[in-house]
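**Student:** Structure for this input, please:
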Amino acid sequence: MRILIISDIHANLGALDKVLIDAGTFDKVWCLGDVVGYGPQPNITIERLRSLDALCIAGNHDWAVLDRLDLDEFNPEARKAVLWTRQQLDLINLEWLKQLPERVPTQAEKFSLIHGSPRYPIWEYILTPPIARANFEYFDTPFCFFGHTHVPIIYQFSEKEGRAIAHELPEILSVPLGPEKMLVNPGSVGQPRDGDTRAAYAILNLDSMTLTHHRVRYDIKSTQVKMQQAGLPSRLIQRLGQGW
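**Tutor:** Residues are numbered from 1 along each chain as shown. Predicted structure coming up:
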């Protein structure tokens, strides 16, 4: 069984559609939040996920659009994109966002899905091994997939050393899961921040219990044009071409 794992699409339909093509055949989609925010096509992006019957959780931008977070916590560009998205969303897509959970265990409770961190699912960034180490105390499954940072990475808990060890996710090479607990970030579909402009995603093979990280190029210019036409902030437009 092959699971497509995606995160932080941010209404970038061009990137999402390229990922769906590149991923080939898969049995299920797991989405780790931030479906909207930043990007120019929130309605059709949600509709694409709905058509795939994706298992999706809520991210901080999703909550901001729903007015569940204080917009003062966002930088001016992100705030403007949130307010613009609120004006665009159809009622059915708004309702879909409202029902997204903060976290879910799945697949016989071997995996947890969250956006930010197990400790603070919506907002906390797992950016360093010490933060990852603290978060291993907050999930009971062997593996936890998270997003939010837009950077692909694995944190493995070393029982012998009592600390979290960071590993880069190698492209194309399948990584075995276990035997120790892991926190895994597949990277961002719609706004990568690791210096690589290509959309990021992962394939989880439940038969072999391996994870394979992938990158795929998409038409960044087309997305940028749509953002310009929508009047979204220029900084958000520029960063897509720089991978930050």
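**Student:** pLDDT score assigned to the closest residue to Asn93 other than its chain neighbours?
**Tutor:** In this structure, Asn93 finds its nearest non-sequential neighbour in Ile46, 4.3 Å apart by Cβ to Cβ, 6 or more residues apart in numbering. C-beta coordinates here come from the backbone N, C-alpha and C atoms, glycine included. pLDDT recorded at Ile46 is 98.
**Student:** Can you mark which positions in the helix or strand harbouring Ile46 are buried?
**Tutor:** Using DSSP states H and E, Ile46 falls within helix 42-51. Buried positions in helix 42-51, judged by neighbour count with 16 or more other Cβ atoms under 10 Å: Pro42, Asn43, Thr45, Ile46, Glu47, Arg48, Leu49.
**Student:** got CSV for the residues you listed, with distance to Ile131 too?
**Tutor:** CSV is the format used below for these (distance: Cβ to Cβ, whole Å):
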residue, distance to Ile131
Pro42, 30
Asn43, 34
Thr45, 29
Ile46, 30
Glu47, 35
Arg48, 32
Leu49, 29
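**Student:** between these, which is nearest Glu137?
**Tutor:** Glu137 has its nearest neighbour among the buried residues of helix 42-51 in Leu49, at 31.2 Å by Cβ to Cβ.
**Student:** Against Ala64, how distant is that closest one?
**Tutor:** Note on Leu49: its distance to Ala64, by Cβ to Cβ, to the nearest Å, is 18 Å.
**Student:** next one: Pro130
**Tutor:** For Pro130, the distance to Ala64 (Cβ to Cβ) stands at 27 Å.
**Student:** likewise Ile44?
**Tutor:** 20 Å.
**Student:** do Asp34 as well
**Tutor:** Asp34 is 10 Å from Ala64, by Cβ to Cβ.
**Student:** between the two, which one's more packed in?
**Tutor:** Higher neighbour count among Asp34 and Ala64: Asp34, with 30 against 25, using other Cβ atoms under 10 Å.
**Student:** where does the chain dip in pLDDT?
**Tutor:** Scanning the chain for pLDDT under 70 picks out 106-108.
**Student:** about what we covered before: which neighbouring elements make contact with the helix holding Ile46?
**Tutor:** Where contact means 3 or more Cβ pairs under 8 Å, 6 or more residues apart in numbering; DSSP states H and E, helix 42-51 is packed against helix 13-22, helix 76-88, helix 91-98.
**Student:** Quick one: residues in contact with that helix.
**Tutor:** 9, 11-13, 16-17, 20, 29, 31, 35-36, 39, 56, 65, 85, 88-90, 93, 96-97 (Cβ atoms under 8 Å, 6 or more residues apart in numbering).
**Student:** by contact count, what packs against the following helix or strand past it?
**Tutor:** Per DSSP H and E, helix 42-51 leads on to strand 55-56 as the next helix or strand towards the C-terminus. Judged by 3+ Cβ pairs under 8 Å, 6+ apart, the packing partners of strand 55-56 are strand 28-31.
**Student:** Look up how far Ile46 lies from the residue of the chain most remote from its centre.
**Tutor:** Distance from the centre of the chain peaks at Lys160, with 30.5 Å (Cα atoms, centre = their mean). Plainly put, Lys160 is 44 Å away from Ile46 if you go by Cβ to Cβ.
**Student:** Show the backbone phi and psi for the residue farthest from the centre of the chain.
**Tutor:** phi -60, psi -40 (degrees, to the nearest 10).
**Student:** do the same with Phe111
**Tutor:** With angles defined as degrees, to the nearest 10, Phe111 sits at phi -130, psi 140.
**Student:** From Pro142, how far off is it?
**Tutor:** According to Cβ to Cβ, Phe111 stands 8 Å off from Pro142.
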